[in-house]
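Student: what would the 3D arrangement of this be:
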Amino acid sequence: MNTLNNDWLKAMQLEHPLVIAGPCSAETEEQVLDIAQQLKDSDATVFRAGVWKPRTRPGNFEGIGALALPWLQRVKKETGLLIAIEIANATHAKLALEHDVDILWIGARTTVNPFAVQEIADTIAGTDKIVLVKNPVNPDLALWLGAVERFQKAGIKKLGVIHRGFSTYQKTKYRNNPNWQIPIEVKNRFPNLPIICDPSHICGNRTNLLDVSQTALDLQFDGLMIETHNNPDKAWSDAKQQITPERLKEMTEELTIRKQTFEADESKQALKKLREEINIIDDELITLLAQRMAVSDKIGAEKKKQNVAILQQERWNSIIDKSIIKSEPLGLSKEFVSKIYKLIHQESIMHQEQVFKQ
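Tutor: Numbers count the residues shown, from 1 in each chain. Sure, this is the predicted structure:
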């Protein structure tokens, strides 16, 4: 994976992060061409449209299928935009090659299936197509990168990944939790691998698109994939998360592209001092966590001695409630505190299980 590079992205010579835009689904030829014409004068470089739409449950609109591929060819011819579609199997891949689709993306449901990924990789082996791999629905970094490696071994040199968030059993303000630490880890491991953010699928609504897009740019993502429709409320799929081409133009103007490094010496020194403070606090946190686990070990020994179950649900609920009440006036969100304490609780249970086994 160390040979992965973003030469294909550099070759585009963009003055801003890559913008991929277009409807969730290609519905009619008129709709596709109208949206593309409106995007031609925006920051969008790539026109996306769902041709085959895998849905969670049958009975919903599942795409026009191959009939829409000539529509996309017209888009490229008449607007100069590159075209991109999702492919889920070898048949889709073959049809995409026949219609000269520029960018093929692998959807989250496909990424979780190594058999399907390998079949697609074998079908497009050795081509010059750009392949973008969306993260799997579950937060599994190895599975995500494993799919990328299959395309790399098939001789695909133009590779990238798309962060579209992760499913969770808990209700949050997101359709799919961003779990930013996972794409950050991808960037840490493979700094030359382009990473695109899909705020539409993270949010599930158009309200939070700007905030999520800005966060992605703040984290040095290489681009955005935003679902764009000429009449979002009437869209045949995922209506709530689509915006108009006009709103897309407004959004790209509102977004701020950050500098990668500090330039002034004074700013560098201020940052160095603040980071030193962070290091001291982090050291204290590690020490306190170790002390907490040592107490948890003692509690485990008492539970074992008295033959008491490890999980005490009432006590656990009380800890969470009190922690949230104390943290809110301090500017810590309920979601953050809850997540941290759940991890601490899980570690405490593991420690006590070891005590029980001794």
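
Student: which residue, other than its chain neighbours, is closest to the residue nearest the centre of the chain?
Tutor: By C-alpha atoms, centre = their mean, the chain has its centre lying nearest to residue 163, at 2.1 Å. The spatial neighbour of residue 163 that comes closest, neighbours along the chain excluded (C-beta to C-beta, 6 or more residues apart in numbering), is residue 183 at 4.3 Å. C-betas here are computed from N, CA, C, even on glycine.

Student: is it true that that neighbour touches residue 162?
Tutor: No - with contacts counted by C-beta atoms under 8 Å, residue 183 stays clear of residue 162, the gap being 9.5 Å.

Student: any regions of the stretch 151-300 of the chain where pLDDT drops low?
Tutor: 261-264 (pLDDT under 70).

Student: which residues of it fall in helices?
Tutor: With DSSP state H, counting those that start in this stretch as the criterion, the stretch 151-300 of the chain has helices at 181-189, 199-203, 209-218, 245-254, 265-306.

Student: quick one: buried residues of the fourth one?
Tutor: For helix 245-254, the buried set under the neighbour-count rule, 16 or more other C-beta atoms under 10 Å, comprises 245, 247, 248, 249, 251, 252.

Student: which among those residues gets closest to residue 169?
Tutor: Closest to residue 169 out of those is residue 251 (30.8 Å), distances taken as C-beta to C-beta.

Student: quick check: closest non-adjacent residue to the closest one.
Tutor: Nearest to residue 251 is residue 210, by C-beta to C-beta, 6+ apart, at 5.7 Å.

Student: residue contacts, that neighbour?
Tutor: 251, 254, 255 (C-beta atoms under 8 Å, 6 or more residues apart in numbering).

Student: which one of the buried residues of helix 245-254 is nearest to residue 157?
Tutor: residue 252 (28.7 Å).

Student: ok, residue 228 - contacts?
Tutor: 21, 22, 23, 35, 39, 44, 242, 243, 244, 245, 248.

Student: and these as a markdown table, adding distance to residue 57?
Tutor: A markdown table is the format used below for these (distance: C-beta to C-beta, whole Å):
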| residue | distance to residue 57 |
| --- | --- |
| 21 | 27 |
| 22 | 24 |
| 23 | 21 |
| 35 | 27 |
| 39 | 31 |
| 44 | 31 |
| 242 | 20 |
| 243 | 25 |
| 244 | 28 |
| 245 | 30 |
| 248 | 29 |
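
Student: quick check: the farthest pair among those residues?
Tutor: Pairwise distances across those (C-beta to C-beta) peak at 14.0 Å, for the pair 44 and 242.

Student: distance to residue 331 added to the helices of the stretch 151-300 of the chain, as CSV?
Tutor: Listed next are these as CSV, based on distance: least, C-beta to C-beta, whole Å:
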stretch, distance to residue 331
helix 181-189, 20
helix 199-203, 24
helix 209-218, 18
helix 245-254, 25
helix 265-306, 15
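
Student: perfect, I'm done here.
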